[in-house]
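Participant: sequence first, predicted coordinates after that:
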Amino acid sequence: MSEMFDLAIIGGGPAGQAAAEIACAAGLGVVVLDEQPRMGGQILRQPPATLGVRDWLPGATYDDLKAQLHRTEALDGLDWRGGISVLGLFRQADGFQLLATDRDGRMTIAARRVLVAAGCYDMPTAFPGWTLPGVMSAGGVQAFLKSQQVVPGKRFVLAGTHPLQLLVADQLRKAGADVAGVHFAQGLGAMAGQLLRDPLLPLGNLRPFRDAAAAFANLRRAGVPVRFGQRLVRARGSERLEAAEFADGSRIACDVLATCYGFLPQADLPRQAGCAMQRCERTGGIAAKVDRWQRSSVQGLSAAGETTGVAGAEIALREGRLAAIGILLADGLLSESEAEMRAAPTRRELAKLQRFADLL
């Protein structure tokens with residue numbers, strides 16, 4: 001017989017953690033399932049406990065997310081299950097059945113309600129030479145740096161359209177790698193134009209603007225070229241990557257080319273369960289469609305974070321809070337007025353953060 005929980009959360013990233021904290025505090029029986037052995041999601045990528053990694057994610061960039069992680073890990077009554085892949089999500093009369101696997105085999109888990117907070121993945125982009133060994137996603141490179149403090153190459157070129165390139169390049173530089181350049185396909189004018197249209201945007205989003213600006217300044221001081229309006233057209237090499245080629249004809253020798261053209265929602269489970277979906281016009285991909293309490297069109301099934309559209313970890317965390325408050329409201333543990341009062345600060349924060357996400 002399957003175990004029965006009040007709430008099953010699929011995904012141990014910021015959205016799942018924030019929801020678990022609120023749900024556990026209200027006395028719900030909560031299980032969190034994630035493919036990674038440790039909680040944190042892709043944004044934090046906790047290293048395996050056996051590695052004894054020191055100075056994990058130093059600096060202020062991840063402080064708020066790490067604080068949320070530590071609070072969640074300390075929760076009494078939370079059933080954390082890492083190293084588990086959820087393959088199926090099925091609606092039943094009394095809730096949901098989850099079909100999952102781990103290294104020991106298959107299992108089923110039952111829950112009255114489910115929150116899918118499965119995150120996102122790097123948008124794959126095909127171009128000549130993209131299958132050569134040495135061509136990676138920027139997110140993949142960052143995963144090596146975060147989880148194991150491994151620099152997966154010697155000389156790096158970063159190319160794409162997303163500001164994450166700046167952070168990854170700076171992290172590589174700090175780890176001792178040779179960063180040959182960061183190349184944005186869009187011109188600087190296009191990025192500056194958005195700020196000119198909304199000049200107060202940085203005031204409500206100081207942390208992400210500060211982090212991106214600091215990374216840019218660090219790279220410039222270190223002599224790392226950051227170029228705009230340079231479109232990647234080809235990865236060159238015979239048996240493995242040897243150089244990156246750009247539309248202006250320039251070639252840069254490297255053994256790792258890290259690309260970043262954005263991210264796509266991990267929304268296969270809500271889609272499988274029959275949820276209404278929506279196309280993400282700004283970032284691409286298909287996401288779960290939710291209401292103001294993160295509830296999907298399938299009763300008892302909520303979604304939060306990148307599963308509802310890629311917008312970053314800070315937004316995901318707050319959507320996780322809203323999802324949990326919405327679940328307490330649906331269970332009768334909060335009145336409508338109590339739920340609205342608890343949600344109000346989070347909604348104000350979301351409004352500010354969403355303006356920055358639209359810039360990406």
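Facilitator: That came through, no problem.
Participant: do I have it right that Gly262 meets Val310?
Facilitator: Yes - assessed by Cβ atoms under 8 Å, Gly262 is found in contact with Val310 at 7.0 Å. Where you see a C-beta, it was placed from the backbone N, CA and C, and this is true even at glycine.
Participant: need the residues touching each of those two.
Facilitator: Thr283 (Cβ atoms under 8 Å, 6 or more residues apart in numbering).
Participant: more neighbours, these two?
Facilitator: Val310 (26 against 19; other Cβ atoms under 10 Å).
Participant: residue contacts, that one?
Facilitator: Contacts of Val310 (Cβ under 8 Å, 6+ apart): 120, 262-265, 280, 283, 285, 287.
Participant: which of the helices or strands spans Leu33?
Facilitator: strand 30-34 (DSSP states H and E).
Participant: that strand: what's the following helix or strand?
Facilitator: helix 41-44.
Participant: tell me what that following helix is packed against?
Facilitator: For helix 41-44, the elements it packs on are helix 14-25, helix 63-73, helix 138-148, judged by 3 or more Cβ pairs under 8 Å, 6 or more residues apart in numbering; DSSP states H and E.
Participant: the inter-axis angle of the longest one versus helix 63-73?
Facilitator: Read that as helix 14-25. Per axes from the mean of the first three to the mean of the last three Cα atoms, to 10 degrees, the angle that helix 14-25 makes with helix 63-73 is 40 degrees.
Participant: tell me which residues of helix 14-25 are tucked away?
Facilitator: 14-24 (16 or more other Cβ atoms under 10 Å).
Participant: with stretch 262-279 instead?
Facilitator: Neighbour-count burial for stretch 262-279 flags 262-267, 269-270, 273, 275, 277-278 (criterion: 16+ other Cβ under 10 Å).
Participant: what about the longest strand in the chain?
Facilitator: If you go by DSSP state E, the chain has its longest strand at strand 105-116.
Participant: give me the distance from it to the chain's centre.
Facilitator: Distance, stretch centre to chain centre, for strand 105-116: 22 Å (Cα atoms, centre = their mean, to the nearest Å).
Participant: how about low-confidence regions in this structure?
Facilitator: Along the chain, the model assigns pLDDT under 70 to residues 1-2, 49-61, 189-208, 356-360.
Participant: alpha carbons of the biggest helix by length in it, as PDB, please.
Facilitator: Counting residues, the longest helix found in the chain (DSSP state H) is helix 336-359. C-alpha atoms of helix 336-359 as PDB (Å, rounded to 0.1, in the frame of the first residue of the first chain):
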ATOM      1  CA  GLU A 336      -9.800  34.100   3.200                       C
ATOM      2  CA  SER A 337      -8.800  37.300   5.100                       C
ATOM      3  CA  GLU A 338      -6.000  35.500   7.000                       C
ATOM      4  CA  ALA A 339      -4.600  34.100   3.800                       C
ATOM      5  CA  GLU A 340      -4.700  37.500   2.000                       C
ATOM      6  CA  MET A 341      -3.000  39.200   5.000                       C
ATOM      7  CA  ARG A 342      -0.200  36.600   5.000                       C
ATOM      8  CA  ALA A 343       0.200  36.700   1.300                       C
ATOM      9  CA  ALA A 344       0.200  40.500   0.900                       C
ATOM     10  CA  PRO A 345       4.000  41.100   1.600                       C
ATOM     11  CA  THR A 346       4.900  38.300  -0.700                       C
ATOM     12  CA  ARG A 347       2.700  39.700  -3.500                       C
ATOM     13  CA  ARG A 348       4.400  43.100  -3.200                       C
ATOM     14  CA  GLU A 349       7.800  41.500  -3.400                       C
ATOM     15  CA  LEU A 350       6.800  39.500  -6.400                       C
ATOM     16  CA  ALA A 351       5.600  42.600  -8.300                       C
ATOM     17  CA  LYS A 352       9.000  44.200  -7.900                       C
ATOM     18  CA  LEU A 353      11.000  41.000  -8.800                       C
ATOM     19  CA  GLN A 354       8.800  40.300 -11.900                       C
ATOM     20  CA  ARG A 355       9.900  43.600 -13.400                       C
ATOM     21  CA  PHE A 356      13.500  42.500 -13.300                       C
ATOM     22  CA  ALA A 357      12.600  39.000 -14.600                       C
ATOM     23  CA  ASP A 358      11.000  40.700 -17.600                       C
ATOM     24  CA  LEU A 359      14.400  42.300 -18.500                       C
END
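Participant: just want the angle from that helix to helix 14-25.
Facilitator: Interaxial angle, helix 336-359 versus helix 14-25 (the same axes, to 10 degrees): 170 degrees.
Participant: off-centre distance for helix 336-359?
Facilitator: That offset, for helix 336-359, works out to 19 Å (Cα atoms, centre = their mean).
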